[in-house]
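> The following comprises the amino acid sequence and a computationally predicted model.
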Amino acid sequence: MLSRRSVRIKVIQLLYSVSRDEDITRDELKKRYWKSIDTSFELFLYNIFTLLQIASVAEEDKDKRSTKYLPSEIDKGFDAKIYHNPRIQDLEKNKNIQKVFDKYHFKERTDKDIFRKIYYDFQKQDAYQEYISKPTTEDDDLEMLLELFRYCRQSPDYNELIEDQYVTWDDDKSLVIGSIKKVLKGLPFEKDDFYKEYYPEEECIKDFGEFLLLRTFDIDKTLLEYISPVLTNWHHDRVAVVDMIMLKMAVVEFMHCDSIPVKVTLNEYVELSKVYSTSKSKEFINGVLDKLQHNLTEEGRSLNLGEGWKSNATLILLSMNIKTIAAAAVLIAVSHLVTGQDKLHNTVILYNVVPLRVDLNQDGSIKNVYGEDVNYLRGYTLVKDKNQKVKPITVKAANTKGYLLKTTI
């Protein structure tokens, strides 16, 4: 249900909250991220709930028409079919989704009068008047439900209702709309828990989103060291906070996200800057990122090692002296021998021009690391050899030591 763009927006907002409150810890940041993901899914469910409630007002409409002193022909033949059609009734009788609605206390949180107002305003539409005045098919029912939802999302009352409950409505709106349309077209479903299929995919929210958030947070100072030299005639303190956050995130994507072309990343942050930053940010972001991606490529820091590596191997280059890059190929080759693996999935090699002392926990995860620029080691565990031992790899010609690591996040 969520796209990479919507995930980027959540990461920007969370990193901005850190800039306002430095006491926010890494664990708290991670919790807030997953809470935001769950809230987006809840927003999707709430839209299903509201659509169902608005359609149900047709029953009340039927009762009112039947008690009129001088009912019209349309009143006499009125059938609350926008509510009684098979699609809506599949939702109404779905015990699983009704329990979810109860879990989130949707009914208690919403005034029924809002649903009545939206329905009776919609009832005046020509399309609905035509729908209730003649026999219809299931395809007609679907078209009218889609028309109702279209009317809702254009209604100030409906948008105010959703915004009062979910501050992320504007950010998630387009994706929620697309998902609701798919639900309406897919009804009735064979599975009562069909809605679970609309929970965001792990590749998007964990492999990409959580990684982007935590890596940007972990190596914040190092990212600033890359960006600062490119800020011609500008000190980094003068750059808008949101602009700097987007620049740092983009660099993380340049260096660690093989599946996303550099051009796509650059364009994405330029587009985001139009909405979430200043009027001049578009040109600024575009110019700085263009220079950064050229610099990273020229210095050999942006290595494409294939999907299996997920670009995590480039992370270690952040602490390398440029003269040691030539040792990378040697270390990569040696690493295959040490681990006995044909392919190193999600594995990186840590290089450092100074010796590292590494204290391990019993499970092989890192307890303490002593050396320069080691903050970015959080979320990694050292890879053991065939004998379950952790050994440093030394390339004497480059005066470099390395440890194999694999990501745990």
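Okay, I see it.
> Distance check, Lys31 against Lys95.
31 Å (Cβ to Cβ, to the nearest Å). Glycine gets a C-beta too; all of them are placed from N, C-alpha and C.
> same thing with Asp61?
Asp61 is 26 Å from Lys95, by Cβ to Cβ.
> Compare these two and say which is more crowded by neighbours.
With neighbours defined as other Cβ atoms under 10 Å, Asp61 and Lys95 compare such that Asp61 has more, 19 against 8.
> any idea of the pLDDT on that one?
Predicted confidence (pLDDT) at Asp61: the value is 95.
> same deal with Gly402?
Gly402 is assigned 55 on the pLDDT scale.
> which helix in this protein runs the most residues?
helix 26-66 (DSSP state H).
> moving C-terminal of that helix, what's the next helix or strand?
Going down the chain from helix 26-66, the next helix or strand is helix 73-76, by DSSP states H and E.
> and that following helix, C-alpha only, in CSV?
Output in CSV follows, covering the C-alpha atoms of helix 73-76 (Å, rounded to 0.1, in the frame of the first residue of the first chain):
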residue,chain,number,x,y,z
GLU,A,73,-42.8,7.4,-7.3
ILE,A,74,-39.1,7.3,-6.6
ASP,A,75,-39.8,7.4,-2.8
LYS,A,76,-42.2,4.5,-3.2
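> just checking, what packs against it?
helix 26-66 (3 or more Cβ pairs under 8 Å, 6 or more residues apart in numbering; DSSP states H and E).
> All the strands of the stretch 201-350 of the chain, in order from the start?
347-352 (DSSP state E, counting those that start in this stretch).
> how about the helices in it?
All helices of the stretch 201-350 of the chain, identified by DSSP state H, counting those that start in this stretch, fall at 202, 211-218, 220-227, 241-256, 262-276, 281-298, 328-339.
> The ones you listed: lowest mean pLDDT?
Among the helices of the stretch 201-350 of the chain, helix 328-339 scores lowest, with a mean of 40.
> Redo the helices of the stretch 201-350 of the chain as CSV? Include distance to Glu73 and mean neighbour count.
Shown next, in CSV, are the helices of the stretch 201-350 of the chain (distance: least, Cβ to Cβ, whole Å; neighbours: other Cβ atoms under 10 Å):
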stretch, distance to Glu73, mean neighbour count
helix 202, 55, 11
helix 211-218, 61, 23
helix 220-227, 70, 17
helix 241-256, 59, 23
helix 262-276, 51, 17
helix 281-298, 58, 17
helix 328-339, 81, 16
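> I'd like those helices written out as JSON lines, with distance to Asp157 added.
As requested, the helices of the stretch 201-350 of the chain are arranged in JSON lines below (distance: least, Cβ to Cβ, whole Å):
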{"stretch": "helix 202", "distance to Asp157": "36"}
{"stretch": "helix 211-218", "distance to Asp157": "35"}
{"stretch": "helix 220-227", "distance to Asp157": "43"}
{"stretch": "helix 241-256", "distance to Asp157": "32"}
{"stretch": "helix 262-276", "distance to Asp157": "25"}
{"stretch": "helix 281-298", "distance to Asp157": "34"}
{"stretch": "helix 328-339", "distance to Asp157": "60"}
